[in-house]
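Asker: Build the 3D model from these lines:
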Amino acid sequence: MTNTSTQEKPAIPYVLAMLGVLFASVCFGLVPYFSRALTEQGIAPYAVAFYRYIVAAVLLVPVLISHRKAWRVIVWGLSAGAVMGLGWIGYVTALETLPASTVGVLYMTYPVFTLVIAWVLFADAPTRRALLASGLIVMAAIIAGSPASASKEHIPTLLIALAAPFGFGFGICVLVHRLSRIAPLARIASVSLGSIIGLAPLVLTAEMTELLPQNPSDWLLIVGIGLVTALVPQLIYTVCSPMIGASQTAIAGSIELPTMFAVGFFAFGEAITTPQAIACAFVLAAIVVTKRRETRIA
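Answerer: Numbering: from 1, shown residues only. From the prediction side, this is the model:
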């Protein structure tokens, strides 16, 4: 049957777009390699995040200025970045009193937030596959983290920690449904600048010893975390994610979890436990479940 549809074809085939999101997510998963080296030198976690975003923000400000006529779209990007930055504040706050495994489990719930936000704000109803895959991701996070039950006094901290997956989920939705209207570099610039704005309260109240590296060689790590885990993968991510939709972007991006396991094993000699291996299998299964041929361009 001849296809008479006049719908515009996506600029990138679905398969290549999915591979692009997967590759970018693997780069995001390399953050622990750089961040651990920096935090071991006394750099605060929120300062590490600040350095990660500031490289893209500074380099791409001219691009953002050239797109100033699309200021409404840019405001969406700034808002998404600010929410993500504020989410990092919740993440850091939770790490002060809760085990990292517990906070990590909460963070891996971001696909669920993505589905809900996309549905409520942008009328992007999740498919059955997306719902099933989100369930697999949540199960994987629980298995990998094996968090202990939190006491009642930790409930407020747990709620604050949910700001991180909420912020990332909101950022994914804005990227897919709003920022595809401007050039990829402008998307990155707006989100990065917004993240810096969100992190500014933490940075401005920090001690200088928490912000500046002690050794000149550590500045190479700062450049690395800005380019390898942010600017380059963000460019690929912002180009490809609108081609596959918010739900598929959220789930495919969860390959970041097994990537972090691999970094721990090869870079830091951390043993991969049976629960972690099972969790990786769940993540890969979720990625397979979400693969579909039809796409929509926001």
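
Asker: Low-confidence bits of the chain, can you list those?
Answerer: Scanning the chain for pLDDT under 70 picks out 1-11, 92, 95-96, 98-104, 145-151, 290-298.

Asker: Quick check, central residue of it?
Answerer: Closest residue to the average C-alpha location of the chain: residue 168 at 5.4 Å, with C-alpha atoms, centre = their mean.

Asker: who touches it in this structure?
Answerer: Residues in contact with residue 168 (C-beta atoms under 8 Å, 6 or more residues apart in numbering) are 84, 87, 107, 110, 113, 114. For glycine as for every other residue, the C-beta is placed from the backbone atoms N, C-alpha and C.

Asker: quick one: which of these is nearest residue 46?
Answerer: residue 87 (11.3 Å; C-beta to C-beta).

Asker: Correct me if wrong: that closest one contacts residue 164.
Answerer: Yes - counting by C-beta atoms under 8 Å, residue 164 is a contact partner of residue 87 at 4.2 Å.

Asker: Please enumerate the strands of the chain.
Answerer: Counting by DSSP state E, the chain has no strands at all.

Asker: The longest helix out of those in it packs against which elements?
Answerer: Assignment by DSSP state H gives helix 71-97 as the longest helix of the chain. On a contact count with 3 or more C-beta pairs under 8 Å, 6 or more residues apart in numbering; DSSP states H and E, helix 71-97 meets helix 45-66, helix 100-107, helix 155-161, helix 163-177, helix 184-204.

Asker: Mind listing what's buried along that helix?
Answerer: Using 16 or more other C-beta atoms under 10 Å as the burial criterion, the residues of helix 71-97 that qualify are 73-74, 76-95.

Asker: Repeat that for stretch 224-243.
Answerer: Per 16+ other C-beta under 10 Å, stretch 224-243 contains these buried residues: 224-231, 233-243.

Asker: Ok, stretch 113-124 next?
Answerer: 113, 114, 115, 117, 118, 124.

Asker: and the fifth one, what is it in contact with?
Answerer: Okay, so that is residue 118. Residue 118 neighbours (C-beta under 8 Å, 6+ apart): 124, 126, 173, 176, 177, 246, 247.

Asker: do that again at 6 Å, thanks
Answerer: Taking C-beta atoms under 6 Å, 6 or more residues apart in numbering as the criterion, residue 118 is in contact with 124, 173, 246.

Asker: ditto for the first one
Answerer: Residue 113 makes contacts with 165, 166, 169, as judged by C-beta under 6 Å, 6+ apart.

Asker: Could you rerun that using 10 Å?
Answerer: Contacts for residue 113 (C-beta atoms under 10 Å, 6 or more residues apart in numbering) come out as 87, 134, 162, 164-170, 172-173, 250.

Asker: Distance to residue 261 for the residues you listed - can I get that in JSON lines?
Answerer: Below are the contacts of residue 113 laid out as JSON lines (distance: C-beta to C-beta, whole Å):
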{"residue": "87", "distance to residue 261": "23"}
{"residue": "134", "distance to residue 261": "20"}
{"residue": "162", "distance to residue 261": "23"}
{"residue": "164", "distance to residue 261": "19"}
{"residue": "165", "distance to residue 261": "19"}
{"residue": "166", "distance to residue 261": "24"}
{"residue": "167", "distance to residue 261": "23"}
{"residue": "168", "distance to residue 261": "19"}
{"residue": "169", "distance to residue 261": "22"}
{"residue": "170", "distance to residue 261": "26"}
{"residue": "172", "distance to residue 261": "22"}
{"residue": "173", "distance to residue 261": "27"}
{"residue": "250", "distance to residue 261": "19"}
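
Asker: Please, a ChimeraX command that selects the buried ones among those?
Answerer: A single ChimeraX command suffices to select whichever of the contacts of residue 113 are buried according to 16+ other C-beta under 10 Å:
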select :87,134,162,164,165,166,167,168,169,170,172,173,250
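
Asker: now, the most widely separated pair of the contacts of residue 113?
Answerer: 87 and 134 (18.5 Å).
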